[in-house]
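S.K.: structure here, sequence nowhere to be found:
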């Protein structure tokens with residue numbers, strides 16, 4: 001049986017629960033999703049690293065509810081993201097929340113999404129990304145990475161599965177603690193290659209415009225739904241990072257609308273294939 005450690009994405013705050021309780025609850029969600037993809041037989045030894053509590057700034061809600069809650073730097077990350085999506089009309093500089101809201105409404109309509117849900121997700125995503133990368137005192141990034149490293153060291157997993165922002169935290173943690181060894185890193189819906197907002201702010205810093213597979217990782221497979229609004233530019237991880245196993249990675253259609261939802265990634269046949277036993 002393979003030992004698996006999961007690293008969750010954004011919007012996973014579990015108020016009222018202790019860290020172990022929240023991690024256990026998330027593990028149950030992941031196991032149910034893996035079972036949908038017929039991967040449960042090889043995924044019972046699974047634990048999920050919970051770190052959302054470390055992204056909660058004192059006196060401030062963790063995930064922004066709307067664009068109005070974002071600070072200037074967070075808004076600029078949204079603008080950079082919209083420019084990558086080539087939203088019609090361009091994205092002006094400066095604080096213009098009304099224009100951003102119109103751009104998101106257009107994006108939601110073009111993708112068949114709800115405008116309110118899209119704004120909530122985008123606001124939450126970029127609030128948590130910014131908090132992780134910079135934080136209110138600069139320590140959130142290091143504490144998240146340390147918690148991931150502690151779990152990986154204790155569990156000694158064969159596989160690490162990291163979703164969304166969790167893929168950024170996992171990538172940096174495996175670089176920061178190079179003694180950690182993992183047979184397979186699977187990143188799902190990853191924003192690692194997102195210019196300006198993520199890629200250019202990674203630690204270690206990309207060299208000559210390229211990142212690299214962490215030294216303790218034997219194999220890295222990246223999966224992204226072609227409609228995933230977070231995993232952009234399309235094919236960016238494979239194009240921007242050395243050591244990604246492109247022969248087994250690429251796009252995977254997980255859902256018509258919920259193309260970033262971790263449960264749909266975990267339930268995909270592609271993930272089940274990766275978790276099936278292979279030769280020692």
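M.R.: Noted; the coordinates are in hand. Keep in mind it's a predicted model, so treat the numbers as computed, not measured.
S.K.: return the distance of stretch 150-167 from the chain's centre.
M.R.: Mean C-alpha position of stretch 150-167 versus that of the full chain (Cα atoms, centre = their mean, to the nearest Å) differs by 12 Å.
S.K.: ends of it, how far apart?
M.R.: Taking Cα to Cα, to the nearest Å, stretch 150-167 runs 16 Å from one end to the other.
S.K.: just the buried residues of it, please?
M.R.: 151-152, 155, 157-167 (16 or more other Cβ atoms under 10 Å). (Glycine included, C-beta is placed from N, CA and C.)
S.K.: can I get those in TSV with pLDDT and distance to residue 48?
M.R.: Below are the buried residues of stretch 150-167 laid out as TSV (pLDDT from 0 to 100; distance: Cβ to Cβ, whole Å):
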residue	pLDDT	distance to residue 48
151	97	9
152	98	12
155	96	11
157	96	11
158	94	16
159	96	13
160	98	11
161	97	9
162	97	10
163	96	10
164	94	13
165	96	14
166	97	9
167	97	14
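S.K.: mind listing which of these are in helices?
M.R.: With helices taken from DSSP state H, the overlap with the buried residues of stretch 150-167 comprises 151-152, 155, 165-167.
S.K.: which of those residues sit farthest apart?
M.R.: 155 and 165 (20.6 Å; Cβ to Cβ).
S.K.: out of the ones in helices among the buried residues of stretch 150-167, who's nearest residue 83?
M.R.: Nearest member of these to residue 83, counting by Cβ to Cβ, is residue 165, at 20.0 Å.
S.K.: ok now do the closest one, which residues does it touch?
M.R.: Taking Cβ atoms under 8 Å, 6 or more residues apart in numbering, we find residue 165 in contact with 9-10, 125, 128-129, 132, 191.
S.K.: by neighbours, which of the residues you listed wins?
M.R.: residue 191 (28 neighbours; other Cβ atoms under 10 Å).
S.K.: pretty sure it is touching residue 167, no?
M.R.: Yes. Using Cβ atoms under 8 Å, residue 191 is in contact with residue 167, at 7.4 Å.
S.K.: next structured bit after the helix or strand of the chain with the lowest mean pLDDT?
M.R.: Here the helix or strand of the chain ranked lowest by mean pLDDT, DSSP states H and E is strand 250-251, holding a mean of 48. Later in the chain than strand 250-251, the nearest helix or strand by DSSP states H and E is helix 262-266.
S.K.: show me what counts as buried in the following helix or strand past that next one.
M.R.: Downstream of helix 262-266, the first helix or strand assigned by DSSP H and E is helix 269-275. The neighbour-count check on helix 269-275 (16+ other Cβ under 10 Å) flags 270-272, 274-275 as buried.
S.K.: swap in stretch 14-32?
M.R.: 22-23, 26-27, 29-31.
S.K.: from those, which is closest to residue 176?
M.R.: residue 23 (20.6 Å).
S.K.: and the gap between that closest one and residue 71?
M.R.: Distance of residue 23 to residue 71, given as Cβ to Cβ, to the nearest Å: 29 Å.
S.K.: now swap in residue 21 and tell me
M.R.: In this view, residue 21 and residue 71 are 31 Å apart by Cβ to Cβ.
S.K.: what's the answer for residue 51, then?
M.R.: Distance from residue 51 to residue 71, by Cβ to Cβ: 21 Å.
S.K.: higher neighbour count, the two?
M.R.: Between residue 51 and residue 71, counted using other Cβ under 10 Å, residue 51 has the larger neighbour count: 26 against 13.
S.K.: wait, a strand at residue 35?
M.R.: No. Read with DSSP: H, G, I helix; E, B strand; the rest coil, residue 35 is helix and lies in no strand.
S.K.: let me see the confidence value for it.
M.R.: According to the per-residue confidence, residue 35 scores 89 in pLDDT.
S.K.: can you check residue 43 too?
M.R.: For residue 43, the pLDDT comes out at 56.
S.K.: ditto for the one 5 residues further on
M.R.: The predicted local distance difference test score for residue 48 is 97.
S.K.: host element of it?
M.R.: Applying DSSP H and E, one finds residue 48 within strand 45-49.
S.K.: give me the mean pLDDT for the helix or strand just after that strand.
M.R.: Sequence order places helix 72-84 as the next helix or strand after strand 45-49, per DSSP H and E. Averaging pLDDT along helix 72-84 yields 86.
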